[in-house]
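1. Only the shape, not the letters, is given here:
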């Protein structure tokens with residue numbers, strides 16, 4: 001069986017490579033717009049499942065994941081422009097938000113999913129700090145307009161949960177799904 005990572009994220013690719021030696025990569029094109037009234041947990045599970053289920057074949061096992069940032073019950077997605085990124089970081093500044101990452105493993109027998117929920121508290125950010133950060137390449141194509149694995153890690157006062165889940169692929173949950181499916185892991 002071939003393991004396929006259904007993601008174009010270099011961060012997910014790097015994290016998965018810590019668990020397994022070989023896998024293929026396929027970037028699924030799916031609609032990532034939340035449904036009306038959909039909870040953040042249901043949203044990330046649905047998107048991860050859709051990514052993993054797209055282009056299934058009997059010769060492969062597909063791994064999909066999705067990450068979203070939630071503040072005060074509202075899904076905070078990827079910024080579409082500088083103004084939206086500035087607004088997002090201003091809202092997250094000085095507050096605790098939750099990062100949900102769902103991992104889905106699809107094979108001919110069905111789809112299994114696991115969820116990681118991590119609380120992240122950002123320090124109070126000045127407008128000049130936000131503006132300087134927005135000049136970097138980091139905020140783009142990331143839920144919440146920041147990448148904890150880069151410079152924005154210096155904005156994090158506290159994290160309660162899975163660091164790798166905030167990056168985009170919770171290693172503990174991913175390992176459990178792979179192990180359950182019989183995928184050979186690097187370290188058992």
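-> All right, it came through fine. Since the model is a prediction, treat every value here as computed from it, not as a measurement.

2. which SS state does the closest residue to residue 65 other than its chain neighbours fall under?
-> What sits nearest to residue 65 in space, not counting adjacent residues and going by C-beta to C-beta, 6 or more residues apart in numbering, is residue 103, at 4.9 Å. Heads up, the C-betas are built off the backbone N, CA and C, glycines and all. For residue 103, the assignment made with DSSP: H, G, I helix; E, B strand; the rest coil gives strand.

3. Show me what residue 103 is bridged to.
-> Taking DSSP bridges as the rule, residue 103 bridges to residue 65, residue 114.

4. Surely residue 101 touches residue 65?
-> Yes: assessed by C-beta atoms under 8 Å, residue 101 is found in contact with residue 65 at 6.1 Å.

5. Overlap of the contact sets of these two?
-> Common contact partners of residue 101 and residue 65 (C-beta atoms under 8 Å, 6 or more residues apart in numbering): 168, 169.

6. in the longest helix along the chain, what's buried?
-> In the chain, taking DSSP state H as the definition, the longest helix is helix 40-53. By 16 or more other C-beta atoms under 10 Å, the buried positions in helix 40-53 come out as 40, 43, 44, 45, 46, 47, 48, 49, 50, 51, 52, 53.

7. who touches stretch 160-174?
-> By C-beta under 8 Å, 6+ apart, stretch 160-174 touches 9, 11-12, 15-16, 18-19, 63, 65, 67, 99, 101, 103, 114-120, 147-149, 159.

8. sorry, that was for stretch 21-30
-> Here stretch 21-30 has contacts from 2-8, 13, 16-17, 47, 50-51, 54-55, 60, 62-64, 184, 186, using C-beta under 8 Å, 6+ apart.

9. Are we agreed that residue 176 is in a helix?
-> Yes: according to three-state DSSP, residue 176 belongs to a helix.

10. Does it touch residue 112 like I think?
-> No: using C-beta under 8 Å, residue 176 is not in contact with residue 112; the gap is 9.2 Å.

11. helices or strands up against the longest helix of the chain?
-> Judged by 3 or more C-beta pairs under 8 Å, 6 or more residues apart in numbering; DSSP states H and E, helix 40-53 is in contact with strand 60-71, strand 96-107, strand 110-122.

12. Quick check: which helices or strands does the first one pack against?
-> Contact partners of strand 60-71 among helices and strands, from 3+ C-beta pairs under 8 Å, 6+ apart: strand 2-6, helix 40-53, strand 74-76, helix 82-92, strand 96-107, helix 171-180.

13. okay but residue 35 is in contact with residue 47, surely?
-> No: counting by C-beta under 8 Å, residue 35 stays clear of residue 47, with 10.5 Å between them.

14. Identify the residue spatially nearest to residue 149, adjacent ones excluded.
-> residue 167 (5.1 Å).
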